[in-house]
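Colleague: The amino acid sequence is not available; the structure is as follows:
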RNA sequence: GCCGUCUUAGCUCAGUUGGUGGAGCACCCGGCUGUUAACCGGGCGGUCGCCGGUUCGAGUCCGGCAGACGGCGCCA
């Protein structure tokens, strides 16, 4: 028999998070826990359940002589993912996983679950179909905890550095990155697009707040079917007046080190569950990251890998991952050819074929985790490059106004939150780093 | 846009030369007082993606269609 949810909320018990039981401080004491059945098995007059809550899993032993026949039969027939409350004594026992178990004196099923559709064998597609249920898995729980730490760390980092949070519209009339495709949205009698970047609006914000940041959803309708792409992803961006390329590269490195340090502090358990090398991540959290130019990257590829890339072509996935064979930590690559860069990235006056821009590439096969640049202040050159792309200049007059009224040198970058989480967690696919992934071929559930 | 793979039970898969469709898991019933993704016995479960063709006979061979997935390009 189930207890009513109203009745449950009226009970004034103290509930112990499962994680705390493994500190040993509750041993031989009576506790109340609540959660969901992760595994269950029975043998005659004894039922073993693994119970999970948000903090961990614990084996519960239910014996008919301790809880009575009615509660015992409920426990025996409750399927995986049934929710329940249990009272009992914590025992230290080497036979239990983790060395502790709860010997039940009472158990109350809150809701008997239907047969759970996810069993031991699952395909990636099936798990994506059942995403609303697969979120309960230990793997996704671990990743979502790390994601939460990463997002919190980004806010903490910029606020500690004196940045203000500044919001841009999600509905935007113009495109930002050249070549990327936009999601069109009906806007009353008109049409607009989902935000591809916060940046153009951020460039307006720096003239009052000087140092600003933001983190929010970003939408790109690229026809990419890879383990590194999402159609909707979260980007953490910064923009600052008076800063040049060198300044923002230093901030980007500090930001990555700060994120790593926070994750290593808060999520060691999760990193170990995900089979990540904690010592290596600790090393990277304290390291300085190498900075090379695009031209130097081509030389490394040619000299060490015999991989020849024509100067002027962008680094492709193959080249980036080959390059990363030579680096344990993230790598900063600057001065890409100006002709393949977005309209707002300025020419380097010292090396005029290149732009004052950088990418930070993650180790492994996770690709670019940060992209940024100084911002052009040359209205004539930006106008020409926008026209070459077929863009209507009228939409950018407000942006050019920023150069007409007290323009200053300024710079900014964007960090792909999911790519950073994927790299730290070592996931095969970026889809596992966001609760409900949206990709070229999937937008349900 | 280019290249490739897959589609058989609720889930994961096997299915020989073309000859009456199988296993494990899940679920149900029975057994078991220390299990670790428990185990043992039994049961339930199928329009072999769809349409057509070849054949005495097609899950299997051929053609078409549909759907799912992966890689590249592009990007965070």
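Modeller: Perfect, I can see it now. Since we're looking at a predicted model, the values are computed, not measured. Residues are numbered from 1 along each chain as shown, chains lettered A, B, ... in the order given.

Colleague: As a check, name the ranges of all strands in the stretch 1-150 of chain A.
Modeller: Remark: strands assigned in the stretch 1-150 of chain A by DSSP state E, counting those that start in this stretch are A:30-43, A:46-53, A:56-63, A:83-92, A:100-111.

Colleague: Output the ones you listed as JSON lines; include the columns mean pLDDT and distance to residue A:194.
Modeller: Heads up, the C-betas are built off the backbone N, CA and C, glycines and all. Below are these laid out as JSON lines (pLDDT from 0 to 100; distance: least, CB to CB, whole Å):
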{"stretch": "strand A:30-43", "mean pLDDT": "94", "distance to residue A:194": "36"}
{"stretch": "strand A:46-53", "mean pLDDT": "95", "distance to residue A:194": "37"}
{"stretch": "strand A:56-63", "mean pLDDT": "95", "distance to residue A:194": "39"}
{"stretch": "strand A:83-92", "mean pLDDT": "95", "distance to residue A:194": "37"}
{"stretch": "strand A:100-111", "mean pLDDT": "94", "distance to residue A:194": "38"}
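
Colleague: Turn those into a markdown table, including mean neighbour count.
Modeller: Below are the strands of the stretch 1-150 of chain A laid out as a markdown table (neighbours: other CB atoms under 10 Å):
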| stretch | mean neighbour count |
| --- | --- |
| strand A:30-43 | 17 |
| strand A:46-53 | 21 |
| strand A:56-63 | 21 |
| strand A:83-92 | 19 |
| strand A:100-111 | 20 |
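
Colleague: Select, out of those strands, the one closest to residue A:301.
Modeller: Nearest of the strands of the stretch 1-150 of chain A to residue A:301, taken as CB to CB: strand A:56-63 at 45.7 Å.

Colleague: Contact partners for residue A:440?
Modeller: A:222-225, A:229, A:231 (CB atoms under 8 Å, 6 or more residues apart in numbering).

Colleague: any idea how far residue A:162 is from RNA strand B?
Modeller: Applying CB to the nearest atom of the strand, to the nearest Å, the value for residue A:162 to RNA strand B is 24 Å.

Colleague: Report the contact partners of the nearest residue to residue A:405 once chain neighbours are set aside.
Modeller: In space, and not counting its chain neighbours, residue A:405 is closest to residue A:207: 7.8 Å by CB to CB, 6 or more residues apart in numbering. Residue A:207 makes contact with A:241, A:402, A:405-406, A:408, according to CB under 8 Å, 6+ apart.

Colleague: repeat that for 10 Å
Modeller: Going by CB atoms under 10 Å, 6 or more residues apart in numbering, residue A:207 touches A:241, A:402, A:405-408, A:410.

Colleague: Mind checking which of those land in strands?
Modeller: Mapping the contacts of residue A:207 onto strands (DSSP state E) picks out A:241, A:410.

Colleague: how is chain A carved up into domains?
Modeller: Listed by automatic domain parsing, the domain ranges of chain A are A:5-111, A:128-433.

Colleague: wait, which of these is closest to residue A:117?
Modeller: Proximity to residue A:117 (CB to CB) singles out domain A:128-433 among the domains of chain A, at 5.8 Å.
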